[in-house]
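**Student:** no sequence on hand, only this structure:
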């Protein structure tokens, strides 16, 4: 990893660690502009009220994503699910309910403060079919072929090595496994410089792939049936999108 990539990852880690610390301290202002760039296009407002009301308030307050991947990943009873960049655990907890006691949900995060918050939230929710792992989404600490569904909420755009993320996601999925993620994607005609003009890297804008780049990256890793569907605009030419793909049998 280049020095600039290392520095960028550390900036992301510090910002999300600070967000977790604010929530843990009892503040719900974790998303103020000076900390994490967000607005109505990001965060807990993107979840249904009935979902928010059944979760610990700390899990809801720590939600910084751009969608609700657990609602679109078509999770089934007994599925083994991995959430990339699980943060405070909101998508892990929602997924755990959908897969039931015969399923299991792993949450992967590189930030110790977020992992501590997620563990506390799982305890508050009484979730027993979840496990949180420390690591990066470019080097997933799970064996190959052990996961049915990979979800993620506005995290892949934060990676400085997206080919590694796609390759690792493909590796840990079983044959026939699938992904259902929410992420920020740019129009194909926007250059990386123009994307950076619309928002920062840590704000989930500057590091976004275009629609074509996202599709090509997933297909290069081996995925098929790639679908990328924009849901709402988060900046000019930048969209929250639902991304689905399958690991072929």
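**Tutor:** Perfect, I can see it now. For clarity, every value in this text was computed on a predicted model and none was experimentally measured.

**Student:** partner strands of the longest strand along the chain, parallel or antiparallel?
**Tutor:** Ranked by residue count, the top strand of the chain under DSSP state E comes out as strand 173-186. Strand 173-186 has the following sheet partners, assigned by DSSP bridges: strand 147-153 (parallel), strand 209-210 (parallel), strand 238-246 (antiparallel).

**Student:** any buried residues in that strand, and which?
**Tutor:** 173, 177, 178, 179, 180, 181, 182, 183, 184, 185, 186 (16 or more other CB atoms under 10 Å). For glycine as for every other residue, the C-beta is placed from the backbone atoms N, C-alpha and C.

**Student:** can you check stretch 92-100 too?
**Tutor:** Here stretch 92-100 shows 92, 93, 94, 95, 96, 97, 98, 99 as buried, counting by 16+ other CB under 10 Å.

**Student:** same question for stretch 229-244.
**Tutor:** For stretch 229-244, using 16+ other CB under 10 Å, the buried residues are 231, 234, 235, 237, 238, 239, 240, 241, 242, 243, 244.

**Student:** okay, the second one and residue 241: tell me how far apart.
**Tutor:** By that I understand residue 234. 10 Å (CB to CB, to the nearest Å).

**Student:** overlap of the contact sets of these two?
**Tutor:** residue 184 (CB atoms under 8 Å, 6 or more residues apart in numbering).

**Student:** quick one on the thing from earlier: in JSON lines, list the strands paired with strand 173-186 along with distance to residue 127.
**Tutor:** JSON lines is the format used below for these (distance: least, CB to CB, whole Å):
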{"stretch": "strand 147-153", "distance to residue 127": "16"}
{"stretch": "strand 209-210", "distance to residue 127": "32"}
{"stretch": "strand 238-246", "distance to residue 127": "25"}
